[in-house]
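Visitor: What follows is a predicted protein model with its sequence.
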Amino acid sequence: MEEKRTEHRLESKWQALIMTGIVLAAALLFLYSFLGGKKKETQPITRSDFALDTFVTVTLYDTEDTAVLDGCMELCRDYEKLFSKTIEGSDIYRINHREPGQRQITVASETAELIEKGLFYSRLSQGAFDITIAPLSELWDFTGEEKKVPEKEAVRDAASKVDYEKVRVSGREIELLNDQVQLDLGAIAKGYIGDRMKEYLEAQGVKSAVLNLGGNVICIGEQPSGNPFHIGLRKPFGAGYEQAAVLRITDLSVVSSGVYERNFQKDGVNYHHILNPQDGYPYQNGLTDVTIVSELSADGDGLSTVCFSLGLEKGMEVVDSLDGVYGFFITEDGELHYSKGAKDLLANQRK
């Protein structure tokens, strides 16, 4: 079924970091490009930037047209201006800062489509994933210098405002059923934007490329040698870029959600950014990472968070119920679990 298959830029100092390769440190996944075999007629070209609150890198293997790279990165920034909850004037900013009593807001068609997809995954998970989690996510700071757990009363109050059923979409009209509803599309927007970037590149004739949007890696076609791209899955809390597995990927998206990037330790507890909308605290369910391989990165984005939220057993059931979707789950003991058919994507596996 189609429904099952679809659903700041930093200042100059960051540009220097990109060029020195620190871009890799921001990614949950990283690319191993084994370009053996027949000699390439063109040299890969790459463009990196800081956008979507992460490092974005686009590498093209079958063209040397830098204008295509420029257009792809500009498209990324344009979508960020629509979907960001912190950029003043964005559609999401306007929704979250609407006047008291204002119930309807007209947004771009792409924003409405993204919200609708987010609502689909909110319903699929029965609220374990919820795009109205903004009141909670704003309480937690996983990137600042001061690491602290919010006050219980504040968490409880914010959690009471989270309810995806208070959002309606009709065309480009977004209806909010009360003043407390606020949106945070961070768990799904990167995948949607990555899909649009892939569409743009394909329209420009690109047939071999890799897009890396932090925890989202999107492959266009295969390597110029005719072999699949090799995508390494980072081992949670491993040293450097120790791998849990390497996947062979052709024309698919790979998305990871884990507890080891945006997180902090306090009193022996690992607090991470995947929050439970019901109680307002990070999920503690024995999982450290969920990786989804799918045709659309927006689906991988939504499903990686949904399946992490549901836990190993229920999350695996969701993946197994979907055609063309594969899941890799890593538990706290370091064991790798995979869904039906996913084993065929493994190039190798390291403990």
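Guide: In hand now; what should we look at? Residues are numbered from 1 along each chain as shown.

Visitor: Show me the shaky parts of the stretch 201-350 of the chain.
Guide: 239-240, 348-350 (pLDDT under 70).

Visitor: pretty sure Gly191 contacts Asp299?
Guide: Yes - the pair formed by Gly191 and Asp299 meets the contact definition of CB atoms under 8 Å, at 7.1 Å. For every residue, glycine as well, the C-beta is placed using N, CA and C.

Visitor: So which bits of stretch 100-120 are buried?
Guide: 107, 110-115, 117-120 (16 or more other CB atoms under 10 Å).

Visitor: before we move on, the earlier item: any chance you could list residues touching both of Gly191 and Asp299?
Guide: With contacts taken as CB atoms under 8 Å, 6 or more residues apart in numbering, Gly191 and Asp299 have Ser253 as neighbours in common.

Visitor: Compute the first-to-last residue distance for stretch 266-280.
Guide: By CA to CA, to the nearest Å, the extent of stretch 266-280 from end to end equals 16 Å.

Visitor: Go ahead and measure how far it is from the middle of the chain.
Guide: Put simply, stretch 266-280 sits 19 Å off its chain's centre (CA atoms, centre = their mean, to the nearest Å).

Visitor: quick one, helices of the stretch 51-200 of the chain?
Guide: Secondary structure of the stretch 51-200 of the chain (DSSP state H, counting those that start in this stretch): helices at 66-83, 91-96, 109-124, 134-137, 152-159, 189-203.

Visitor: Centre of the chain to the helix or strand harbouring Ser309, how far?
Guide: Following DSSP states H and E, one finds Ser309 within helix 297-310. Between the centre of helix 297-310 and the centre of its chain there are 8 Å (CA atoms, centre = their mean).

Visitor: Looking at the buried residues of stretch 100-120, which is nearest Asn276?
Guide: The closest of the buried residues of stretch 100-120 to Asn276 turns out to be Gly118 (CB to CB; 17.0 Å).

Visitor: how much space between the residue nearest to that closest one when sequence neighbours are not counted and Asp163?
Guide: Using CB to CB, 6 or more residues apart in numbering and skipping residues adjacent in sequence, the residue nearest Gly118 is Ile131, 3.8 Å away. Going from Ile131 to Asp163 by CB to CB, to the nearest Å gives 10 Å.

Visitor: Report all helices and strands that the strand or helix carrying His230 contacts.
Guide: Following DSSP H and E, the helix or strand that holds His230 is strand 229-234. Under the contact criterion of 3 or more CB pairs under 8 Å, 6 or more residues apart in numbering; DSSP states H and E, strand 229-234 touches strand 29-32, strand 216-221, strand 243-249, strand 253-258, strand 287-294.

Visitor: who wins for proximity to Lys343 among those?
Guide: Nearest to Lys343 among the helices and strands packed on strand 229-234 is strand 243-249 (10.0 Å), distances taken as CB to CB.

Visitor: Name every strand pairing with that closest one and say which way it goes.
Guide: strand 229-234 (antiparallel), strand 346-349 (antiparallel) (DSSP bridges).

Visitor: hey, what's Val290 bridged with?
Guide: Ser257, Phe329.

Visitor: Might you report the residue contacts of it?
Guide: By CB under 8 Å, 6+ apart, the contact list for Val290 reads 256-258, 304-305, 307-308, 315, 327-330.

Visitor: now the most centrally placed residue in the chain, nearest residue through space, not along the chain?
Guide: Per CA atoms, centre = their mean, the C-alpha nearest to the average position across the chain is that of Asp301, at 4.4 Å. Counting by CB to CB, 6+ apart, Asp301 lies nearest to Gly191, which is 3.0 Å off, once chain neighbours are set aside.

Visitor: Same check on Gln182?
Guide: Ala134 (3.7 Å).

Visitor: Could you tell me the per-residue confidence at that neighbour?
Guide: Ala134 carries a pLDDT value of 96.

Visitor: quick one: contacts for it?
Guide: 85, 96, 182-184 are the contacts of Ala134 under CB under 8 Å, 6+ apart.

Visitor: State the distance from it to Gln104.
Guide: 18 Å.

Visitor: and what of Gly205?
Guide: In terms of CB to CB, Gly205 sits 41 Å off from Gln104.

Visitor: Show me where the stretch 1-150 of the chain dips below the pLDDT cut-off.
Guide: Within the stretch 1-150 of the chain, the segments meeting pLDDT under 70 span 1-41.

Visitor: can the helices of the stretch 51-200 of the chain go into JSON lines with extra columns for distance to Val246?
Guide: As requested, the helices of the stretch 51-200 of the chain are arranged in JSON lines below (distance: least, CB to CB, whole Å):
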{"stretch": "helix 66-83", "distance to Val246": "26"}
{"stretch": "helix 91-96", "distance to Val246": "36"}
{"stretch": "helix 109-124", "distance to Val246": "28"}
{"stretch": "helix 134-137", "distance to Val246": "32"}
{"stretch": "helix 152-159", "distance to Val246": "39"}
{"stretch": "helix 189-203", "distance to Val246": "21"}
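
Visitor: Since that was my last question, I'll sign off now.
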